[in-house]
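>>> quick one, structure for this:
(3 chains)
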Amino acid sequence: MLVFEIVFTGLLMGIFYALMALGLTLIFGILKIVNFAHGELFMLGAYAYAVLVLRAGMAAVPALLSAVLLGALAGVVVERLLLRPLYTGQVGAGPLRDEYAIIVTFGLSLFLINLVHQLMGPYPLKGPDLTATSRIEVFGMFVSPHRLLASALGALTLGAVIWIIRGTVWGKRVQAVAQNRFGAAIVGIDHTRVSTLVLAMSGGIVALSGALLAPLFHAYPDVGAFPAVKSFVVVVLGGMGSIAGSIVGGLLLGVLENFGAIYLSYEYRDTFGFVILMLVLLLRPHGLFGERTREV
Amino acid sequence: MSRLDLLEIRELRKSFGGIVAVDQLGLVVGAGELVGLIGPNGSGKTTLLNVITGYYPPEHGTVQLHGREIGGRSPHQIFRAGIVRMFQHVKIFRRLTASENLEVAGRAAGLPAGSSRQRAASLLDRLGLASHTHDEVGGLSGGQQKLVEFGSCFMSEPKLVVLDEPFAAIHPTVKQTMVDVIVERHTAGQAFLVVSHDIPAIMRLCPRTVCMNAGTVIADGPTEAVMADHAVVEAYLGGHVAR
Amino acid sequence: MRRLALSPTDFVLSFGVLIGLGLAPLGVRSEYWLGILITAVYFAMLAVSWNLLAGIAGLFSMAPAAFAMVGAYTTGLLHHHGGFGPLVGIPAAVVVSALIGFALGRVTLRLRGAYLALTTLAFAEILRLVIANSIEITRGDLGLSVSGILGGAKIPTLYLFLGVLVAYQLVLVWLLRTRAGLYFRAIRDDELGAMGRGVDVVRYKTLAFTVSSAGCGLAGALFVHFLQLASPEMGLILQTGLVISMVVIGGMGTATGPLVGAVLVEVTSEALRAVGVRHMLVFALVVILIGRFFRDGLVGLVARLARGPLPAAAPPAALEEGAARR
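Take a look at the predicted model:
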């Protein structure tokens, strides 16, 4: 019974790891970079939700939607201002490009954390639950209905994104640009627009995660750091650019982390992610599902 | 194996996952030879080069230089052993000057700083790049960058120079410079292995040609004979090999 | 066109900055500002060390602050548990940081770009969390008190730190004028190409990591004897962010950049603090702008202006397929 509970609650959290990893992997697929400001989009979502409900008196659902929109908007702005040079050739290739991406996204991360700190202060804001009830019984366990609802919404979003990428024409365009931007441009795909929209989608789903988890994690400037690292772990485990890998990896991490917290050490539970990340990068740099590319 | 054999490859196999790129491959290059290597896309030419120059270890078979096994050694060790190469997609150090690009190879070959710089300067001069000696190569044109990479092959007085598609996508004058240098050096005893799709260039330059298809050698001999070989013509699908 | 980075002009300028710092006590009297200068020199040591690894060898590590913390705790723990003074602690810190740096370098050989950054980030955080949580050994967030040096007098301490920084810069200049300098930059620009040109990449990457980590560890050990307190906060990613900002703003890959960046950022921090603005907010913004528009940092900008208005460098290659291998 305990094992089932660990797995179940692990999956509940894993859905969010999967969502965040998906956002990261989408950006990687399109731009071939790791976004070091990923956690801060999560943080923006958390703050947007908390502030809109607590300070502006908005109802939960509109606040959630606004958070998503804000995340999407942030994605668009970042793509337009900072990431576009990556594919217009202004940045160069190979190591120069990598360096640019790291400096600019890491700088953005530091900027956003400090901006929020400056404007909102360091004290956490607790975003309110989506429901009034604090506990319900499910399968013989006591779970917070907010968590269930949040995870259900997260799962729905996951499904929606997969459907969009795999099942729609627009999704095919995304896949085309991810596989070969030049080739996609030649056959008439507006790769710039695709990039912008992918960034918008990524920003939106990550902000949604932040908003839905705000009642749990609260909103404070650094709140995105651990979720970001965990999404890095998942994406590295599942393979950069692999959607399936992100989802499987996310759910897996959620469950493993829970087992680790209960059986190994609750105190060090956030460290597991780092350790797994290091181990995977050192032993299998291409992840479990990712593709190998020829370099010479 | 004859005393004059420089590079000897026997029963080489290399695969990636399920795909066999090179199989049952045997090849001998003698000292001072100028050999062309042709074959349709996907025939395994670049994989072969990568194995020879240490970027991939062979799965099976041997690669020997002057009788000493070099299969599985790392690229820098193979450089020191005497095999240098040019890459299909130009590999140069963009933020280093033209001279520094060459000096890397020179210093790695054991030349002290001063001699290294001198040799670099004279090579750059021969290649027509003297005015760019102290310019960052990132700012040079594609053809000039290729020449810089080409130049760095001669800093170490190698036993064998391996060129991977040297004539691809460059200006005719650049190509002529390269061809002239290859001929000069060959006359002086330098061995070359030239991979190219530029059949006319191979025909003019190389007395002997090897043709690969599907990971193995299908023809090996005097260039004219190889170009007329039935199997070679078929491998190129329709025989557009002009004379 | 001739570039400034690592040219003789660059080296001379860097020593100019060092001399300027040496003359500073003539004009700066307040204990408070002397303390700021000492902190600036500490960060300059980290900046120079990190620049060697990331700016010159192209290995973007997120662990410089973690290594400073390692150095700090090596000397701190030796003092706290063994009663050893700085004359034992500081050399020990160098050795321990170098060893761990060597190990990290060996273990990350196959990683590049963002993967290397991520791995070193994870490594740095693991180190910090372990130190912060090992309360019985390290006293965790309470910190370890450490003996002082030079009786805590600011001016002698500043000159001690400056002397060490000058040594760092001399070692850097010497290293760069040997083959290592060429090889590091070749590895940075094209690692596989460097291998093919005879560079023992394994050896030189490891060397870069080892030297850089030792430099960070020494800086940390010295600084902690000045502060007389070792705290896990020294190893926060935020601190690494500060070091990275300093080098990027000053000019990554140059000899003068890290020095200029460290002093400028540290001094400006104080000014910003006085106005109530979070300093990292401003620096992060500057980093983004510089990354986006002035790749070569302040030093590069000044160099470009000094040469007068010139046409831009080679035209950008749009969507070049051959270059986009990833």
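>>> enumerate the residues of the stretch 101-250 of chain C near chain A.
Contact residues, the stretch 101-250 of chain C versus chain A (CB under 8 Å from any CB of the partner chain): C:107-108, C:110-115, C:117-119, C:121-123, C:125-126, C:129-130, C:133, C:188-190, C:192, C:237-238, C:241, C:244-245, C:248. In short, each C-beta sits where N, CA and C put it, glycine included.
>>> please redo it, this time with the cut-off set to 7 Å
Applying CB under 7 Å from any CB of the partner chain, we find that the stretch 101-250 of chain C lies next to chain A at C:107, C:110-111, C:113-115, C:117-119, C:122-123, C:125-126, C:129, C:133, C:188-189, C:192, C:241, C:244, C:248.
>>> what do you get for chain B?
So chain B meets chain A at B:50, B:55, B:87 (CB under 7 Å from any CB).
>>> for these, which one is nearest A:V143?
B:Y55 (53.7 Å; CB to CB).
>>> sheet partners, orientation included, of the least confident helix or strand in chain A by mean pLDDT?
Comparing every helix and strand of chain A by mean pLDDT, DSSP states H and E singles out strand A:136-138 as the least confident one, with a mean of 75. Here strand A:136-138 is paired, per DSSP bridges, with strand A:141-143 (antiparallel).
>>> circling back: out of the residues of the stretch 101-250 of chain C next to chain A, which sit inside helices?
Residues from these lying in helices, with DSSP state H as the criterion: C:107, C:113-115, C:117-119, C:122-123, C:125-126, C:129, C:133, C:188-189, C:192, C:241, C:244, C:248.
>>> and the residue of the stretch 101-250 of chain C that's closest to chain B?
Closest contact between the stretch 101-250 of chain C and chain B, by CB to the nearest CB, is at C:G198 (2.8 Å).
>>> and the residue nearest to that residue when sequence neighbours are not counted, what's its pLDDT?
In this structure, C:G198 finds its nearest non-sequential neighbour in B:A108, 2.8 Å apart by CB to CB, 6 or more residues apart in numbering or on different chains. B:A108 carries a pLDDT value of 96.
>>> sorry, back to before: show me how to select, in PyMOL, the buried members of the ones in helices among the residues of the stretch 101-250 of chain C next to chain A.
Entered in PyMOL, the line below selects the buried ones among these, by 16 or more other CB atoms under 10 Å in any protein chain shown:
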select buried, chain C and resi 107+113+114+115+117+118+119+122+123+125+126+129+133+188+189+192+241+244+248
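>>> ok, and which of the ones in helices among the residues of the stretch 101-250 of chain C next to chain A reach chain B?
Okay, of these touching chain B (CB under 7 Å from any CB), that's C:189, C:192.
>>> residues near C:A271, how many?
For C:A271, the count of nearby residues is 11 (other CB atoms under 10 Å in any protein chain shown).
>>> what's the spacing between it and chain B?
34 Å (CB to the nearest CB, to the nearest Å).
>>> distance check, that residue against C:V277.
9 Å (CB to CB, to the nearest Å).
>>> so which of the residues of chain B next to chain A are in helices?
Per DSSP H, these map to helices at B:N50.
>>> ok, B:V161 touching B:V195?
No - contact criterion CB atoms under 7 Å: B:V161 and B:V195 do not qualify, at 11.6 Å.
>>> neighbouring contacts of the strand or helix carrying C:V96?
Element membership for C:V96 (DSSP states H and E) is helix C:86-107. The contact list for helix C:86-107, computed with CB atoms under 7 Å, 6 or more residues apart in numbering or on different chains, reads A:282, C:67, C:70-71, C:74-75, C:78-79, C:123, C:147, C:149, C:205-206, C:209-210, C:212-214, C:216-218, C:220-222, C:225.
>>> isn't there a strand covering the residue of the stretch 101-250 of chain C closest to chain B?
No - if the criterion is DSSP: H, G, I helix; E, B strand; the rest coil, then C:G198 is coil and not within a strand.
>>> nearest the geometric middle of chain C, what residue?
C:A47 (2.4 Å; CA atoms, centre = their mean).
>>> now for C:Q169: which residues touch it?
C:Q169 neighbours (CB under 7 Å, 6+ apart): C:14-15, C:18, C:48.
>>> buried among these? Make that a ChimeraX selection.
Remark: buried members of the contacts of C:Q169, expressed as a ChimeraX selection using 16+ other CB under 10 Å:
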select /C:14,15,18,48
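>>> please produce JSON lines containing the contacts of C:Q169, extended by pLDDT, distance to chain B and secondary structure.
Compiled in JSON lines, the contacts of C:Q169 are given as follows (pLDDT from 0 to 100; distance: CB to the nearest CB, whole Å; DSSP: H, G, I helix; E, B strand; the rest coil):
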{"residue": "C:S14", "pLDDT": "94", "distance to chain B": "19", "secondary structure": "helix"}
{"residue": "C:F15", "pLDDT": "94", "distance to chain B": "22", "secondary structure": "helix"}
{"residue": "C:L18", "pLDDT": "94", "distance to chain B": "25", "secondary structure": "helix"}
{"residue": "C:V48", "pLDDT": "98", "distance to chain B": "19", "secondary structure": "helix"}
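>>> now for the contacts of C:Q169: which two are most distant?
C:F15 and C:V48 (12.6 Å).
>>> please enumerate the helices of chain B.
B:45-52, B:75-81, B:98-108, B:113-126, B:142-152, B:172-187, B:199-205, B:223-228, B:230-235.
>>> mean confidence (pLDDT) on the first one, please.
Read that as helix B:45-52. Mean predicted lDDT for helix B:45-52 stands at 93.
>>> what does the longest one give?
Averaging the model's pLDDT scores along helix B:172-187 yields 95.
>>> all good on my end, thank you.
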